[in-house]
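# Got a sequence here, can you build the structure:
(chains A and B)
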Amino acid sequence: MSVLFTGIGVSPGVAAGPVARMAPPPEVPAAAAPTADAAAETATALAALEAVAAGLEQRAARAPEEAAGVLTAQAMMARDPALASKVGDAVRSGRAAVTAVAEAFAGYRSLLAAAGPYLAERVADLDDIRNRTVAALLGVPMPGVPDPGHPYVLVAVDLAPADTATLNASTVLAIVTEQGGPTSHTAILAKSLGIPAVVACPEAAGLADGKTVLVDGVEGTVTVTPDSAVVRRALAEQEARRMALAGATGPGRTADGHPVQLLVNIGGDKDLTAAAAADAEGVGLFRTEFLFLDRPAAPTADEQRSVYRRVFEAFAGRKVVVRTLDAGADKPLQFVTTPGEPNPALGVRGLRTARRHPELLATQLAAIAVAAEGSGAEVWVMAPMVATPAEAAEFAATAHGHGLPVAGAMVEVPAAALRARHVTAACDFLSLGTNDLSQYTYAADRMASELADLLDPWQPALLELVRLTAEAGRAAGKPVGVCGEAASDPLLALVLVGLGVTSLSMAPVSVPAVRAALALHTLAECRGMAALALDAEDGRAARAAARR
Amino acid sequence: MPERVVTIGSKVGLHARPAALFVKAAGAQPVVVRIGKPGSDPVDARSILSVLALDARGGDEVVLFAEGDGAEAALDELASLISRDLDSPDAAGGA
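Have a look, this model is predicted:
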């Protein structure tokens, strides 16, 4: 008997396979009783630590260099002689192995935490080792992304950015999360890896390891123990859809030939080959945070230049829009972010960090300019979190001063959309970041899954701001793109084009479907859909109106 | 007891990569080496957690102690390691 769960489909595709759950951190039982033999108890604890260290070293051997360094350091922590002696002391004072381990870790945790933000990442590393050791001692599944040894459907409460590093796209068939919304990390990660995903599916909490499920990332459904006929049909439909999409190639055009640039979003230099192979006119959003995260100081101009150069060369002959450092809020940096901001999403983030650290922006723009020189790519730069025309003008002047001829502003703050005419006049182009723009328009935290309906990119107030921005761009004869998740929904892409948007940037996996949708509709039809969506009461109604 | 006072050469301090390199080198010595900030209780230099918890920043002074056969040579080697910038890419050879 099959059962159907409903969530929100956030990454297209259909897949079926056995469930493997991401285990939560293990709880240490309050009443763990020690055996009479302290020596044996200590040996048990140390063996668990050693097993965790060996596991980390195995993972390090398979990991890319930077991740390998962290994993090797974690293995050293698990083998720390001072930690081992603390465990021994605790056992001798009557603790069970698992309690002794938890206490020893807690002691070092508070020492490291007391040292301040410099060691925050090491505290997270330590917590991970502690959880692994406790899980090993209790005989419960290891916390974190599972590795059952065969392809599986990953089921989790939600995914954190840290989980993304260890996710293997070749063994994860689909992702289902209980929480999360259309702009959550899970959605972005799944889309960038081309893995079908359903989020905001609370019923997934009841899915046990090994259960077979069919996940439909378009419809947002999860079928538990589906009939084999159902699985066959769904996979065949998926294959037919894939073949149909593969038929459409070349630059984006509406049915009547109105050009819409289709671009890809990239977040580093790792997935470069796949991104460059996408049939797209370039990169609409090159996120540069990855260069700055997880390190105590900013990368040097030389280091930045060589990474930018690799990206530009991969896209020689095409456009690459580089977004300058977008730190703060959910992406804190040790050397930029002030800890303890009462409201980080409204704090010193995005371009605002240049108020305190103008040298970071100057170094980055200089590195981009040098890397662009002779690379063959058409390099544009844009600033995140611009709120005023003055900010846009200052950024553009700085970029131009570094020899970068095209400098734009991201429209993520409602103030910038409302004053789009002036912001457009102050720089060379605009790019709508719909994820943050919806967060700020609806005053709804992007990470709050309970508010997913408010963050729906179909919400008419968001579309209204897109319209204002696109109209300002058209009046000034300057491009206005969209680089948020909204651009990757084929139906919404039509509405955005109808509102006047000139380019759409998305995960490479989403490009074919958007291209196919454009090819089937005229610009006049897109405008008609946009008018209906703007007239709707809410996001759900807007989607329904556009679909008619 | 033989000791050396050293200024930390790594800008990031005795954290992350420099800490790992130092602890690894300390573990390879024939004698037990201890490290501390001046005036405070030194800790086992083979313990990455204890070394991290010192929270020794770039430019800070630390004191190394060791006793027994080979203590002087061990201190010389570790002192020279700490005084270098271990976070620069070309420091890898020193590990």
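
# and the stretch 251-400 of chain A, which of its residues are near chain B?
For the stretch 251-400 of chain A, the contact set with chain B under CB under 8 Å from any CB of the partner chain comprises A:Pro296, A:Ala297. Heads up, the C-betas are built off the backbone N, CA and C, glycines and all.

# And the strands in the stretch 251-400 of chain A, which stretches?
Remark: strands assigned in the stretch 251-400 of chain A by DSSP state E, counting those that start in this stretch are A:261-266, A:282-287, A:319-323, A:378-383.

# Which among the ones you listed is found nearest to A:Ser228?
Nearest of the strands of the stretch 251-400 of chain A to A:Ser228, taken as CB to CB: strand A:261-266 at 36.3 Å.

# now what about the closest one, what contacts it?
Under the criterion CB atoms under 8 Å, 6 or more residues apart in numbering or on different chains, residues A:192, A:251-252, A:272, A:275, A:278, A:280-287, A:311, A:319, A:321, A:479, A:481, A:483, A:502-508, A:511, A:514-515 lie in contact with strand A:261-266.

# Return the list of helices and strands in contact with the longest helix along chain A.
Assignment by DSSP state H gives helix A:38-62 as the longest helix of chain A. If contacts are counted by 3 or more CB pairs under 8 Å, 6 or more residues apart in numbering or on different chains; DSSP states H and E, helix A:38-62 sits against helix A:65-78, helix A:81-92, helix A:97-114, helix A:120-138.

# sorry, back to before: mind giving me the ChimeraX select for the contacts of strand A:261-266, buried ones only?
With 16 or more other CB atoms under 10 Å in any protein chain shown as the burial test, the buried ones among the contacts of strand A:261-266 are selected in ChimeraX as follows:
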select /A:192,252,275,278,280,281,282,283,284,285,286,287,311,319,321,479,481,483,502,503,504,505,506,507,508,511,514,515
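
# wouldn't A:Val218 be in contact with A:Ile8 here?
No - using CB atoms under 8 Å, A:Val218 is not in contact with A:Ile8, being 11.0 Å away.

# related to what we said a few turns ago, okay, the helices and strands packed on helix A:38-62 in CSV with distance to chain B and mean pLDDT next?
Below are the helices and strands packed on helix A:38-62 laid out as CSV (distance: least, CB to the nearest CB, whole Å; pLDDT from 0 to 100):
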stretch, distance to chain B, mean pLDDT
helix A:65-78, 5, 81
helix A:81-92, 4, 94
helix A:97-114, 4, 92
helix A:120-138, 6, 87
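
# In CSV, list the ones you listed along with distance to A:Ala519.
As requested, these are exported to CSV (distance: least, CB to CB, whole Å):
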stretch, distance to A:Ala519
helix A:65-78, 41
helix A:81-92, 61
helix A:97-114, 55
helix A:120-138, 47
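
# ok, the lengthiest strand in chain A: who's next to it in the sheet?
Counting by DSSP state E, the longest strand found in chain A is strand A:14-21. Here strand A:14-21 is paired, per DSSP bridges, with strand A:152-156 (parallel), strand A:212-216 (antiparallel).

# so B:Ala66 bridges to which residues?
Bridge pairing for B:Ala66 - DSSP bridges - gives B:Val33.

# what's near enough to touch it?
B:Ala66 is in contact with B:Met1, B:Pro2, B:Glu3, B:Gln29, B:Val31, B:Val32, B:Val33, B:Arg34, B:Ala74, B:Leu75, counting by CB under 8 Å, 6+ apart.

# Show only the entries of those found in strands.
Filtering the contacts of B:Ala66 for strands - DSSP E - leaves B:Glu3, B:Val33, B:Arg34.

# From the residues you listed, which one has the minimum pLDDT?
Least confident of these in the model: B:Glu3, at 91.

# what's around the residue lying closest to that residue once chain neighbours are set aside, how many residues?
Nearest residue to B:Glu3 in three dimensions, chain neighbours excluded: B:Phe65, at 4.8 Å (CB to CB, 6 or more residues apart in numbering or on different chains). Residues lying near B:Phe65 (other CB atoms under 10 Å in any protein chain shown) number 17.

# Tell me the pLDDT of B:Phe65.
B:Phe65 carries a pLDDT score of 95 in this model.

# how near is it to chain A?
16 Å (CB to the nearest CB, to the nearest Å).

# for that residue, what are its contacts?
Here B:Phe65 is in contact with B:Met1, B:Pro2, B:Glu3, B:Val33, B:Arg34, B:Ile35, B:Gly36, B:Pro42, B:Leu75 (CB under 8 Å, 6+ apart).

# Looking at the residues you listed, which two lie furthest apart in space?
B:Pro2 and B:Gly36 (14.5 Å).

# which one of these two has more residues nearby?
B:Gly36 (18 against 14).

# so where do the helices sit in the stretch 201-350 of chain A?
A:228-247, A:272-277, A:301-314 (DSSP state H, counting those that start in this stretch).

# nope, the stretch 351-500 of chain A is what I was after
Secondary structure of the stretch 351-500 of chain A by DSSP H, counting those that start in this stretch: the helices cover A:353-356, A:358-372, A:389-401, A:414-418, A:420-426, A:434-441, A:460-476, A:490-498.

# and the fifth one, what does it pack onto?
Helix A:420-426 makes packing contacts with helix A:389-401, strand A:407-411, strand A:429-432, helix A:460-476 when contacts are defined by 3+ CB pairs under 8 Å, 6+ apart.

# Including distance to A:Ala90, could the ones you listed go into a markdown table?
Supplementary listing: the helices and strands packed on helix A:420-426 in a markdown table, determined by distance: least, CB to CB, whole Å:
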| stretch | distance to A:Ala90 |
| --- | --- |
| helix A:389-401 | 55 |
| strand A:407-411 | 52 |
| strand A:429-432 | 56 |
| helix A:460-476 | 55 |
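
# nearest to A:Ala100, of the ones you listed?
strand A:407-411 (51.6 Å).

# Please save the CA atoms from stretch B:45-58 in PDB.
C-alpha atoms of stretch B:45-58 as PDB (Å, rounded to 0.1, in the frame of the first residue of the first chain):
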ATOM      1  CA  ALA B  45      52.500  20.300  23.500                       C
ATOM      2  CA  ARG B  46      51.400  17.000  22.000                       C
ATOM      3  CA  SER B  47      47.700  17.900  22.800                       C
ATOM      4  CA  ILE B  48      46.100  19.800  20.000                       C
ATOM      5  CA  LEU B  49      43.200  20.700  22.200                       C
ATOM      6  CA  SER B  50      45.400  22.100  24.900                       C
ATOM      7  CA  VAL B  51      47.500  24.100  22.400                       C
ATOM      8  CA  LEU B  52      44.400  25.600  20.700                       C
ATOM      9  CA  ALA B  53      43.000  26.500  24.100                       C
ATOM     10  CA  LEU B  54      46.100  28.600  24.800                       C
ATOM     11  CA  ASP B  55      44.600  31.000  22.200                       C
ATOM     12  CA  ALA B  56      48.100  32.200  21.300                       C
ATOM     13  CA  ARG B  57      47.900  34.900  18.700                       C
ATOM     14  CA  GLY B  58      50.400  36.000  16.100                       C
END
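
# out of A:Val218 and A:Ile8, which sits in the more crowded spot?
Between A:Val218 and A:Ile8, counted using other CB under 10 Å, the more crowded position is A:Ile8 (21 against 18).

# Run through the residues of the stretch 101-250 of chain A sitting next to chain B.
Going by CB under 8 Å from any CB, the residues of the stretch 101-250 of chain A near chain B are A:Tyr108, A:Leu111, A:Leu112, A:Ala115, A:Gly116, A:Tyr118, A:Leu119, A:Arg122, A:Leu126.

# If we use 6 Å, what do you get?
A:Tyr108, A:Leu111, A:Leu112, A:Ala115, A:Arg122 (CB under 6 Å from any CB of the partner chain).

# just the buried members of the contacts of B:Phe65?
Listed as buried from the contacts of B:Phe65 are B:Glu3, B:Val33, B:Arg34, B:Ile35, B:Gly36, B:Pro42, B:Leu75; burial here means 16+ other CB under 10 Å.

# from the residues you listed, which single one is nearest A:Ser184?
For the buried ones among the contacts of B:Phe65, the nearest to A:Ser184 is B:Ile35 (43.6 Å; CB to CB).

# So the closest one is in contact with B:Ala45, correct?
Yes - under the criterion of CB atoms under 6 Å, B:Ile35 makes contact with B:Ala45 at 4.6 Å.
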